[in-house]
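# Sequence plus predicted model, see below.
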Amino acid sequence: MNFYILAVISSVLLWSNLSFASALLKAPQQFANFAECPLISGQVLAPCKIGYRTYGTLNDEKSNAVLVPTWFTGTSAEHAYLASPELLNPEKYYIIIVDALANGVSTSPSNSETQAGGQFPQINISDMVDSQYRLLNETLNIQSLHSIVGLSMGGMQAFEWSVRFPGFAKKTVAVIGSPRLAAFDIALWSTNNRLLALYRECQCKEVLEVMAGIGMLAAVPSKLAEDISREDTISIITTRGQSNTMSVAESWDRQRQAEAMIEHNIARNFDNDWQKTAAQIKTEFLIIIADDDRVVTPQPARKFAALIGANVLELDEDCGHGDPWCAPEVFAQAVRSFINK
């Protein structure tokens, strides 16, 4: 995520139960290790490890499992606050937060000993979902889910789950995600990828400054004006760029995940026909949209929600992609009510 959105997300800790969140952060990092993970491109990741953390207890019927896929560059540790009584109650649910491929924890360009950096194959959102399916089936012996809850790129994975494994989850929550990226989003992520390539060539902070500026452009203008004075804008861009410690290896993680989002399209196996795609849905959906989102354009999610008769919550908090964190009580209530009913 960009600098601005990360700042918004960090403020959620002011709202969360801090003592509970602190306990959750102690949940151990676990891994499922596979000899290889086949990709839809025909290539493979070998070897392949999938990181995850669990909260709560799986009941005897194995009917209370909730899967949380991670957002762009996010880790299972950073998603721990979701496993709280206010959102996904670990006293009721068995919550599995899974590190998406190429996030730096699961098998990634930055940690692969056999396919490092640019040798790491391009991946797809479907590949992330397939690896999670194997984790559930082969490692955790879970053949169905109560719910899937994903935010941003996690929401894209939630959409993909609904058509790749129809009916596997009883309920699905896609928050500020998309069933297929719009032109604006593709322009944003492809531009960032070009800058990442340039950064690898020069390893210069000037490129990171440009990326910091682009990140600020994801904010709603009126909100950005409240947070940053016009006199400080340029110096903040410079400071954020100069303070960025992204390594070349990490730049490949970002690029591979961004490429996955650019190629994401849940209708691709259904002749790009949205009616055919909607007919695959066998899960109850809650789709949460940020009205002025400038990271993930809301129109595709809004359109798909209408086709499948999904429950929809539209937020307009002047925080754009950060709306769920700017309206935490509304967001939490919507997710909690939908999951629990």
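Good, I have the coordinates.
# Show me the strands in the stretch 151-300 of the chain, by range?
Assigned by DSSP state E, counting those that start in this stretch, the stretch 151-300 of the chain shows strands spanning 169-175, 284-290.
# how about TSV for those strands, with mean pLDDT, mean neighbour count and distance to residue 105 added?
For every residue, glycine as well, the C-beta is placed using N, CA and C. TSV is the format used below for these (pLDDT from 0 to 100; neighbours: other C-beta atoms under 10 Å; distance: least, C-beta to C-beta, whole Å):
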stretch	mean pLDDT	mean neighbour count	distance to residue 105
strand 169-175	98	24	21
strand 284-290	98	24	25
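# need the ones you listed in CSV with distance to residue 249, can you?
Putting the strands of the stretch 151-300 of the chain into CSV (distance: least, C-beta to C-beta, whole Å) gives the following:
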stretch, distance to residue 249
strand 169-175, 29
strand 284-290, 31
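# And those: which comes nearest residue 110?
For the strands of the stretch 151-300 of the chain, proximity to residue 110 was assessed by C-beta to C-beta; strand 169-175 is nearest, at 26.6 Å.
# That closest one pairs with which strands?
strand 145-151 (parallel), strand 284-290 (parallel) (DSSP bridges).
# Other residues contacting the first one?
Among residues not part of strand 145-151, those counted as contacts by C-beta atoms under 8 Å, 6 or more residues apart in numbering are 63-69, 71, 82, 88, 93, 136, 156-158, 161, 168-177, 283, 324, 335, 339.
# Buried among those? Need that as a selection in PyMOL.
In PyMOL, this line selects whichever of the contacts of strand 145-151 come out buried by 16 or more other C-beta atoms under 10 Å:
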select buried, resi 64+65+66+67+68+69+71+82+88+93+136+156+157+158+161+168+169+171+172+173+174+175+176+177+283+324+335+339
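# Among the contacts of strand 145-151, name the ones in helices.
Counted as lying in helices by DSSP state H, out of those, are 156-158, 161, 324, 335, 339.
# give the contact list for residue 274.
267, 303-304, 307.
# and with 10 Å instead?
For residue 274, the contacting residues are 179-180, 266-267, 300, 303-304, 306-308, by C-beta atoms under 10 Å, 6 or more residues apart in numbering.
# Helices - which of those land there?
300, 303-304, 306-308.
# got a pLDDT number for the closest residue to residue 116 other than its chain neighbours?
Once flanking residues are discounted, residue 116 sits nearest to residue 109: 6.2 Å by C-beta to C-beta, 6 or more residues apart in numbering. Looking at residue 109, its pLDDT is 98.
# For residue 109, the count of nearby residues, please.
Here the number of neighbours of residue 109 (other C-beta atoms under 10 Å) works out to 25.
# Assign residue 331 to helix, strand or coil.
helix (DSSP: H, G, I helix; E, B strand; the rest coil).
# thinking again about what came up before, wait, the residue nearest to residue 116 touches residue 259, no?
No: look at residue 109 against residue 259 with C-beta atoms under 10 Å: they stay out of range, at 11.1 Å.
# Common neighbours of these two, please.
Contacts common to residue 109 and residue 259, judged by C-beta under 10 Å, 6+ apart, are 102, 123.
# Using PDB, write out the CA atom coordinates for stretch 191-211.
Once non-C-alpha atoms are left out, stretch 191-211 reads as follows in PDB (Å, rounded to 0.1, in the frame of the first residue of the first chain):
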ATOM      1  CA  THR A 191       3.300   3.000 -13.500                       C
ATOM      2  CA  ASN A 192       4.500   1.900 -10.100                       C
ATOM      3  CA  ASN A 193       6.000  -1.200 -11.600                       C
ATOM      4  CA  ARG A 194       7.900   0.900 -14.200                       C
ATOM      5  CA  LEU A 195       9.200   2.900 -11.300                       C
ATOM      6  CA  LEU A 196      10.300  -0.200  -9.500                       C
ATOM      7  CA  ALA A 197      12.200  -1.300 -12.500                       C
ATOM      8  CA  LEU A 198      13.900   2.100 -12.700                       C
ATOM      9  CA  TYR A 199      14.700   1.900  -9.000                       C
ATOM     10  CA  ARG A 200      16.500  -1.400  -9.500                       C
ATOM     11  CA  GLU A 201      18.600   0.100 -12.300                       C
ATOM     12  CA  CYS A 202      19.700   3.200 -10.400                       C
ATOM     13  CA  GLN A 203      18.900   2.300  -6.800                       C
ATOM     14  CA  CYS A 204      18.400   6.000  -6.300                       C
ATOM     15  CA  LYS A 205      16.200   7.800  -3.700                       C
ATOM     16  CA  GLU A 206      14.700  10.100  -6.400                       C
ATOM     17  CA  VAL A 207      12.600   7.200  -7.800                       C
ATOM     18  CA  LEU A 208      11.300   6.500  -4.300                       C
ATOM     19  CA  GLU A 209      10.400  10.200  -4.000                       C
ATOM     20  CA  VAL A 210       8.300   9.900  -7.100                       C
ATOM     21  CA  MET A 211       6.600   6.800  -5.700                       C
END
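# buried sites along that stretch?
Neighbour counts using 16+ other C-beta under 10 Å place 192-193, 195-196, 199-200, 207-211 of stretch 191-211 among the buried residues.
# Which parts of the stretch 201-341 of the chain are helices?
Listed in chain order, the helices of the stretch 201-341 of the chain (DSSP state H, counting those that start in this stretch) span 205-216, 221-227, 233-243, 248-263, 274-278, 299-308, 323-326, 328-340.
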